[in-house]
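J.: Here is a sequence with its predicted model. Questions after.
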Amino acid sequence: MDFKQLISHCKEYGFIFQSSEVYDGLAAVYDYGPYGVELKNNIKNYWWKSMVQMHQNIVGIDAAIFMHPKTWKASGHVDAFNDPLVDNKDSKKRYRADQLIEGYCDKIEAKIKKDVEKARKKFGDAFDEAQFRSTNGRIVDRQKKIDDVMTQLGNLMRDEDMAGLKQLIIDLEIACPESGSRDWTDVRQFNLMFSTQLGNIAGEEGKLYLRPETAQGIFVNFLNVQKTTRQKIPFGIAQIGKAFRNEIVARQFIFRMKEFEQMEMQFFVPPGEEMKWYQYWKETRMKWHLSLGTPQSKLRFHDHDNLAHYANAALDIEYEFPFGFKELEGIHSRTDFDLSSHQELSGKKLQYFDPERNENYVPYVVETSIGCDRMFLTQITQALQEEKVPDADGKESTRTVMKLHPVLAPVKCAVLPLLKNKEELTKAAKDVYDKLKISLNCQYDEKDAIGRRYRRQDAIGTPYCVTIDFDTLEDNTVTLRDRDSLQQERVKIEDIAAVVNGKVDMAKLLGTL
Ligand code: GAP
């Protein structure tokens with residue numbers, strides 16, 4: 001299924017709507033609908049439980065979105081949280097210069113992929129992709145071009161060389177996707193933070209920022225949390241919450257939004273031990289992604305070549321989105337930069353007395369930071385598919401199915417009376433629904449033929465459908481249909497919850513970590 005179809009599916013089935021759609025929407029801002037909010041909550045719940053509940057030495061907080069303005073001076077966001085922007089003079093559209101250049105490389109990568117797929121078809125089982133990529137002349141040249149451009153881009157971004165970025169756009173003959181013109185303005189730095197104003201203080205003094213990352217709420221609370229929970233280093237603080245960035249984007253759906261949600265964990269460690277923990281969290285986080293059934297081939301590590309000023313190591317876990325491999329989660333070794341900066345600007349000590357070392361120090365920090373919305377996008381990209389299935393009359397038909405991990409599925413079980421106008425069936429079905437709804441997120445549906453109702457549940461990823469028929473009235477059994485295998489079995493009413501929970505209970509998944 002292509003990206004456009006995925007976006008329409010999300011709207012049609014109540015997962016995601018464009019924000020303020022009645023006013024033609026607001027770019028890069030989205031609302032989660034009834035099924036979207038359930039899926040998103042399940043993602044957050046799985047992350048929270050695996051981080052907090054599964055680690056004795058990790059605790060959670062929920063800090064405010066607004067923070068003292070000095071926070072963002074200390075963190076470096078006021079001075080350095082910028083994107084390089086460029087305008088096309090003909091279309092008047094604004095772009096991120098680095099994204100225009102990355103887009104140029106994505107197009108070359110798409111050509112490589114096309115050649116690889118052609119060869120795969122031609123050579124069948126004997127095809128060795130790695131060998132083909134390293135020996136096919138055209139692919140080798142194209143890959144070299146990508147590598148050269150990305151290296152140049154990395155250097156220009158590191159040096160904040162705006163004139164160099166403009167020159168690279170001109171050299172690569174990049175045209176505006178809207179107007180096709182190559183008439184560009186100079187590239188300028190643009191701060192990504194949204195600001196607002198405190199009511200009682202005029203001017204710069206009263207300027208308040210909407211947090212661009214949740215991490216700073218954790219840093220400034222480091223000692224509050226350590227003292228009140230009596231945690232010993234190494235320990236972590238986890239948080240899920242909204243973050244805001246004035247992103248200039250086009251057509252990437254919920255991948256890059258102006259208002260989004262982060263799931264972050266800051267792990268405080270003794271200086272000198274950060275690389276050990278960086279490795280630990282790199283492996284632990286990859287395992288978490290794999291536990292949900294995301295194939296290893298769709299995930300990869302990407303080490304940062306150019307490190308931010310506060311980091312001594314950083315990598316991304318990338319996922320192969322419909323528009324290529326892109327960052328899903330960041331793992332950063334942030335040294336003692338943030339705590340030291342807050343200590344300096346606030347004049348308050350943010351140190352820890354280590355009884356084992358018998359010394360005070362500012363801890364080092366390894367952070368794991370994942371966007372909840374990007375995680376959502378990986379799961380629906382992975383899950384949504386069209387497949388041929390046998391019909392009741394033995395023929396084949398196509399169904400759209402969201403094969404979400406059952407633990408994440410918005411609705412766990414649909415309860416369906418075989419016929420709508422037989423009161424004894426609808427009453428029995430409503431009784432079953434009332435029993436199940438206590439322990440499972442269920443849905444009762446009596447509208448349309450049973451086949452159509454099954455298809456509706458497939459489209460939102462419901463792992464089980466329970467059908468109440470005339471046999472139910474005789475023997476208290478129902479038909480339980482499995483979304484993936486399509487197998488149907490007779491199950492006693494009192495056993496339904498246990499069978500469904502066997503698949504959808506998060507405890508089992510947590511046990512695999
Ligand atoms: N505290 C570290 C930090 O914020 P980041 O790489 O800027 O690091 C972390 O962001 C994660 O937040 C990213 O890996 C991504 O999943 C998510 N994210 C960042 N910007 C986003 C945006 N505009 N829309 C959606 N998700 C975003």
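T.: Good, I have the coordinates.

J.: those strands in the stretch 401-513 of the chain, which residues are they?
T.: Shown for the stretch 401-513 of the chain, the strands assigned by DSSP state E, counting those that start in this stretch span residues 413-417, 442-444, 464-468, 477-482, 488-492.

J.: Point out the most buried one among the ones you listed.
T.: Neighbour counts (mean count of other C-beta atoms under 10 Å) averaged over each of the strands of the stretch 401-513 of the chain peak at strand 413-417, with a mean of 27. Placement of C-beta: from N, CA and C, glycine included.

J.: For that one, which outside residues touch it?
T.: 425-426, 428-429, 432-433, 436, 440-446, 450, 453-454, 457, 462-468, 496, 500 (C-beta atoms under 8 Å, 6 or more residues apart in numbering).

J.: How about stretch 26-39?
T.: Residues lying outside stretch 26-39 but in contact with it, judged by C-beta under 8 Å, 6+ apart, are 10, 13-20, 40, 247, 249-250, 253-254, 256-259, 373, 376, 379-380, 404, 408-411, 441, 460-461.

J.: Show me how far it is from its chain's centre.
T.: Distance, stretch centre to chain centre, for stretch 26-39: 13 Å (C-alpha atoms, centre = their mean, to the nearest Å).

J.: Export that stretch to CSV, keeping only CA atoms.
T.: This file holds the C-alpha atoms of stretch 26-39, laid out as CSV (Å, rounded to 0.1, in the frame of the first residue of the first chain):
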residue,chain,number,x,y,z
LEU,A,26,-3.0,23.6,9.7
ALA,A,27,0.2,22.3,8.1
ALA,A,28,2.1,19.7,10.0
VAL,A,29,-0.4,19.6,12.9
TYR,A,30,-2.7,16.5,13.3
ASP,A,31,-5.4,15.2,15.6
TYR,A,32,-5.7,11.6,16.7
GLY,A,33,-9.2,10.1,16.2
PRO,A,34,-11.0,7.4,18.2
TYR,A,35,-8.8,4.4,17.0
GLY,A,36,-5.7,6.6,16.8
VAL,A,37,-5.8,7.6,20.4
GLU,A,38,-6.2,4.0,21.5
LEU,A,39,-3.2,2.9,19.4
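
J.: give the contact list for the nearest residue to residue 440 once chain neighbours are set aside.
T.: Once flanking residues are discounted, residue 440 sits nearest to residue 412: 4.5 Å by C-beta to C-beta, 6 or more residues apart in numbering. Contact analysis of residue 412 by C-beta under 8 Å, 6+ apart lists 406, 440-442, 462-464, 500, 504.

J.: And for residue 244?
T.: When contacts are counted by C-beta under 8 Å, 6+ apart, residue 244 touches 65, 193-194, 210-212, 258-260.

J.: which element is residue 46 on?
T.: Using DSSP states H and E, residue 46 maps to helix 34-48.

J.: ditto for residue 114
T.: Assigned by DSSP H and E, residue 114 belongs to helix 97-123.

J.: Give me the phi and psi angles of residue 385.
T.: Per-residue torsions, residue 385: phi -150, psi 160 (degrees, to the nearest 10).

J.: Tell me if I'm right that it and residue 1 touch.
T.: Yes: using C-beta atoms under 8 Å, residue 385 makes contact with residue 1 at a distance of 6.3 Å.

J.: quick one: common contacting residues for the two?
T.: Both residue 385 and residue 1 are contacted by residue 400, under the criterion C-beta under 8 Å, 6+ apart.

J.: out of these two, which sits in the busier spot?
T.: For residue 385 against residue 1, the residue with the higher neighbour count under other C-beta atoms under 10 Å is residue 1, and the figures read 14 against 11.

J.: Near the ligand, which residues of the stretch 301-450 of the chain are found?
T.: Proximity of the stretch 301-450 of the chain to the ligand is confined to 327-330, 367, 369-371, 373-374 under the rule C-beta under 6 Å from any ligand atom.

J.: interface residues of the chain facing the ligand?
T.: Listed as neighbours of the ligand in the chain under the rule C-beta under 6 Å from any ligand atom: 213, 215, 245, 247, 256-257, 260, 262, 264, 327-330, 367, 369-371, 373-374.
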